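**Q** sequence first, predicted model second:
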Amino acid sequence: MFKRIITYIILGSVATIATGQTESKIQNLERFNNPSYSVSPDQIDVNGYFRFVGYNRNEHELFGDSTPYSVFKANDEFTSPTANIDLSFNTGKNSYIRTNLFLFSPFEGAGNSPYEFWLNRKGVGLGGGTRTKYGNIDVQMGGTNFVRFSELTLSSGRQTRVSLFDRTAWTYVWGPNVQHSSYFSANDFQRDINWGKRSVNGLSVNATNLPGNYEVNFVYGKTPFNLSSVIDNVGAVKISKSYRLQKFGLIALNSNGQSSNTNGEPYGNSTLGATYETNLNEWIISAEANAGQFYAPNVKTTTDIGLITNIRPSKRALGFPLNIEAYYIGADFANIHSSIINTSVEEAQFSFNGDNVPDGARPFGGTMTPFHLKSNNRTGLNLSTEFNFGPININLANGISTDLEARNNTISYYHKVNGLFLARTQRFSPNAGAYGAVKTFFRGAYETATVIDTSSLNTIAYNVGLINLKFKNKLLGRNFFLFYLGDFQSSQDNLSPVPVFSNKAYIRAQFHEFDLYYNFAKKLSLVGYIGFERIRGNEKTDLGENGLARKQNGQVLGAGLDIVISPKSSIYVRSKWVQFEDKNFLLDHYSGLENSVEFKVIF
């Protein structure tokens with residue numbers, strides 16, 4: 001019923017705009033019902049969401065400034081879409097046209113901040129397709145296309161082990177218990193269809209079900225990393241073939257720009273690679289091999305490779321689930337359009353008009369990557385498993401990696417618990433914090449430390465370990481969930497089988513997060529969150545005013561209420577108290593309170 005109402009509203013609006021005349025409602029209706037213009041609502045599929053967020057933040061102190069500061073906004077501070085509407089018109093039995101619209105907050109313009117980042121979701125996309133006995137063709141132009149060719153080509157990070165407390169623009173609307181039950185049982189939950197994909201403004205062509213089980217995907221346009229206002233575009237093509245339980249793929253990508261309109265010099269990166277997937281007697285195997293190069297003025301062009309292999313042995317043969325991932329990504333392999341963090345090709349960090357990449361989520365130099373991300377100049381091994389112990393589901397993961405070459409003396413680490421608050425107080429800033437060591441990006445922040453004792457500095461080794469405990473039970477006859485996520489990271493000068501917790505690590509970090517969910521009434525649920533982060537540096541890293549290394553402690557306490565209005569609409573209330581302090585960098589402290597009310601409806 002809701003979709004039908006939306007359909008009539010949109011069709012009425014389109015008809016009014018198309019006539020361009022001032023007519024009465026009756027005249028408009030007659031014109032709309034004329035056979036040469038008529039479209040039945042049954043021929044239209046409407047999907048999307050509407051989201052309104054009321055947000056308030058009170059900063060009690062911020063890096064030495066104790067002046068109280070309050071913010072009231074009708075968005076979540078990240079200019080996320082207020083509405084996303086996808087329309088598909090069936091023009092015949094086997095053909096259709098469609099459009100997608102991203103609408104932003106009507107209460108605030110884009111602004112002129114150089115760090116404003118609009119997620120590259122721009123304008124209106126128009127497309128269409130047809131289905132024939134020789135295959136299916138789908139074309140979209142303009143607007144925003146979301147594509148994922150492979151991890152080393154076009155992609156964004158896929159993080160599965162996360163807290164469920166904070167919501168985003170793409171978080172779904174579930175009924176009571178659905179999201180937490182899914183996460184409890186399967187170590188994951190329903191995501192937006194574009195999760196893990198890279199946004200591209202431009203042209204997208206997809207040909208599927210071709211003779212011989214071939215598939216062709218092509219895109220050309222701009223991602224958020226094509227920054228130049230002169231010439232700066234990316235093009236990529238993927239050709240795939242399925243054969244029984246195997247799938248083979250070939251991928252070529254080229255991104256190029258020009259440093260100026262007049263006598264401009266070319267810069268960019270290109271990759272050429274192959275992918276393979278199979279299910280061999282319940283052994284699920286996937287692999288990718290890619291050769292890539294980055295070129296820029298006065299920079300020697302060097303080709304390097306990236307290799308990723310993922311093996312999931314048969315649970316029946318092994319007796320328990322296990323996922324094994326091994327990777328090698330060369331020091332000169334740099335592809336800014338992938339989820340791979342560039343830590344070693346300095347020229348790839350900047351556009352050639354002197355601006356930083358606005359999505360500063362890409363630290364440069366040694367990086368303590370979370371379990372779901374990888375960087376270049378790195379080789380590593382990731383292991384993960386899950387099992388039950390009574391009423392508790394347990395997920396474990398361990399990652400070991402090391403630099404391939406010693407190219408710098410910096411180490412960056414993410415503020416996993418406190419980063420969201422920082423990202424809102426100092427949006428998209430390359431020099432945030434009291435000492436300019438923090439960089440903020442979309443919904444997060446990372447900090448860079450310097451190794452000052454370089455006498456024995458060679459390649460750096462990294463560790464990350466995850467413990468995810470999930471408990472489900474009944475409290476007074478109603479569903480009750482309690483989740484714990486522990487994330488342990490370290491960077492040091494020698495390989496270690498597990499994270500290093502001693503002062504031998506240059507930087508060591510612990511993140512502890514607890515999620516509580518209690519569905520105490522039919523349409524009401526209480527949610528809670530407790531988060532801690534503990535980050536320590538040793539005497540070989542940069543020191544504070546008192547001559548001692550980093551000693552950072554952060555806390556976040558949150559509470560909220562989920563109110564179900566209908567199966568496809570809900571209200572979410574959230575409140576968080578945030579506090580952070582570095583005992584040895586005396587100005588590095590902040591605290592504040594965040595409150596938000598979100599109304600979201602999907603259709």
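**A** Perfect, I can see it now.
**Q** wait, N409 touches S455, no?
**A** No: using Cβ atoms under 8 Å, N409 makes no contact with S455, being 11.1 Å away. (Glycine included, C-beta is placed from N, CA and C.)
**Q** the two - which one has more neighbours?
**A** N409 (18 against 5; other Cβ atoms under 10 Å).
**Q** that one - nearest residue in space that isn't next to it in sequence?
**A** Excluding the flanking residues, the one nearest N409 by Cβ to Cβ, 6 or more residues apart in numbering is V451, at 4.4 Å.
**Q** the one you found pairs with what?
**A** Bridge pairing for V451 (DSSP bridges) gives the partners T541.
**Q** ok, it - contacts?
**A** N409, T410, I411, L457, Y506, K540, T541 (Cβ atoms under 8 Å, 6 or more residues apart in numbering).
**Q** and with 6 Å instead?
**A** With contact taken as Cβ atoms under 6 Å, 6 or more residues apart in numbering, V451 is in contact with N409, L457, Y506, K540, T541.
**Q** can you get me a residue count around the third one?
**A** Here the number of neighbours of Y506 (other Cβ under 10 Å) works out to 29.
**Q** I'd say it and S491 touch.
**A** Yes: judged on Cβ atoms under 6 Å, Y506 makes contact with S491 at a distance of 5.0 Å.
**Q** residues shared between the contacts of those two?
**A** With Cβ under 6 Å, 6+ apart, Y506 and S491 have common neighbours I411.
**Q** looks to me like E347 is in a strand.
**A** No: counting by DSSP: H, G, I helix; E, B strand; the rest coil, E347 is located in no strand; its state is helix.
**Q** just give the closest residue to it, not the sequence neighbours.
**A** Using Cβ to Cβ, 6+ apart, the closest residue to E347 is A296 (4.5 Å).
**Q** contacting residues for the spatially most central residue of the chain?
**A** The chain has G157 as the residue nearest its centroid, 5.3 Å off, counting by Cα atoms, centre = their mean. For G157, the contacting residues are S339, H372, L373, by Cβ under 6 Å, 6+ apart.
**Q** in three-state terms, label it for me.
**A** G157 is classified as coil under three-state DSSP.
**Q** do A317 as well
**A** helix.
**Q** pull the number of nearby residues for the residue lying closest to it once chain neighbours are set aside.
**A** Leaving out its chain neighbours, the residue that sits closest to A317 by Cβ to Cβ, 6+ apart is E282, at 7.3 Å. E282 has 12 neighbours, counted by other Cβ under 10 Å.
**Q** what do you get for V601?
**A** 17.
**Q** same deal with I571?
**A** Residues near I571, counting by other Cβ under 10 Å: 14.
**Q** how about it, secondary structure?
**A** Applying three-state DSSP: I571 is strand.
**Q** any idea what the closest residue to it other than its chain neighbours is bridged to?
**A** Among residues not flanking I571 along the chain, I563 sits closest, at 4.3 Å (Cβ to Cβ, 6+ apart). Per DSSP bridges, the residues bridged to I563 are L524, I571.
**Q** cool, and N310?
**A** With DSSP bridges as the rule, N310 is bridged to S286, E325.
**Q** Y55 contacts V597, doesn't it?
**A** No: contact criterion Cβ under 6 Å: Y55 and V597 do not qualify, at 8.2 Å.
**Q** and the closest residue to L543 other than its chain neighbours, how many neighbours?
**A** Nearest in space to L543, with sequence neighbours left out and distances taken as Cβ to Cβ, 6+ apart, is A549 at 5.7 Å. Neighbourhood size, A549 [other Cβ under 10 Å]: 21.
**Q** A549 touches T541, doesn't it?
**A** Yes: if you go by Cβ under 6 Å, A549 and T541 touch, sitting 5.4 Å apart.
**Q** the helices in the protein, which residues?
**A** Using DSSP state H, the helices found in the chain span residues 2-19, 25-33, 178-186, 315-318, 419-425.
**Q** any idea which of these has the lowest pLDDT on average?
**A** Among those, helix 25-33 carries the lowest mean pLDDT, a mean of 36.
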